[in-house]
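Q: Sequence and predicted model, in that order:
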Amino acid sequence: MANYEFIRKQHYVLGKSIRQISRETGYSRQVIRKALSSTEISEYKLSRPKPKPVIDSVKHIILEWLRQDEQAPPKQRHTAKRIYQRFVEEYGFTGGESTIHRYVRELKTTPSKAFVPLEFPPGKYAQFDWGEVEILLQGKQVKVQVFCMRCTFSRKIFIKTFFH
């Protein structure tokens with residue numbers, strides 16, 4: 001596959017013609033035109049998933065053990081290392097430990113929590129609070145009331161102090 005970014009740089013930045021790029025790189029002019037017309041780099045996608053014969057034969061056992069672990073106390077739950085050790089001891093498993101680790105990691109990854117971004121219309125909402133602060137005013141310690149407000153749209157802060 002042609003290096004599309006290199007071809008684009010040669011044409012758009014350095015001002016080389018398609019024919020000149022073709023001569024220098026060895027790519028056909030059709031490939032160069034395709035690189036210049038496409039806006040994004042295509043990614044290779046597998047037509048079907050790769051077979052995993054080692055882990056496929058023991059998947060159902062791992063799933064059952066982890067399902068049983070949900071009721072067990074945290075200290076007694078299976079780790080990937082313990083699962084591998086049990087397979088070697090009980091089933092004569094010949095696969096690698098990293099294979100078990102990788103599969104257990106895939107199972108244990110939790111999807112990211114969804115969130116709703118906070119967006120507020122201007123001038124409609126604000127957060128505020130009252131507080132007490134002691135300040136030094138003309139050499140005397142004075143207790144004042146503080147009003148603090150934050151506008152949720154602009155996130156600007158407004159603070160005002162009161163004696164009473």
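A: Received, thanks. Residues are numbered from 1 along each chain as shown.

Q: my read: residue 126 touches residue 147, true?
A: No. Here residue 126 lies out of contact with residue 147, judged by CB atoms under 8 Å, at a distance of 11.5 Å. (C-beta placed from N, C-alpha, C; glycine too.)

Q: Could I get the full set of strands for this protein?
A: Using DSSP state E, the strands of the chain run over residues 126-137, 140-151, 157-162.

Q: Would you list the strands that the second one pairs with, along with their directions?
A: Partner strands for strand 140-151, per DSSP bridges, with pairing direction: strand 126-137 (antiparallel), strand 157-162 (antiparallel).

Q: and residue 16, which of those is closest to it?
A: With CB to CB as the criterion, residue 16 lies closest to strand 157-162 of the strands paired with strand 140-151, at 55.5 Å.

Q: Alpha carbons of the closest one, as PDB, please.
A: Extracted in PDB, the C-alpha atoms of strand 157-162 (Å, rounded to 0.1, in the frame of the first residue of the first chain):
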ATOM      1  CA  ILE A 157     -17.500  33.800  40.100                       C
ATOM      2  CA  PHE A 158     -19.200  36.700  41.900                       C
ATOM      3  CA  ILE A 159     -18.300  37.400  45.600                       C
ATOM      4  CA  LYS A 160     -19.800  40.100  47.900                       C
ATOM      5  CA  THR A 161     -19.200  40.600  51.600                       C
ATOM      6  CA  PHE A 162     -21.700  42.000  54.100                       C
END
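
Q: If anything else comes up later, I'll come back, but that's it for now.
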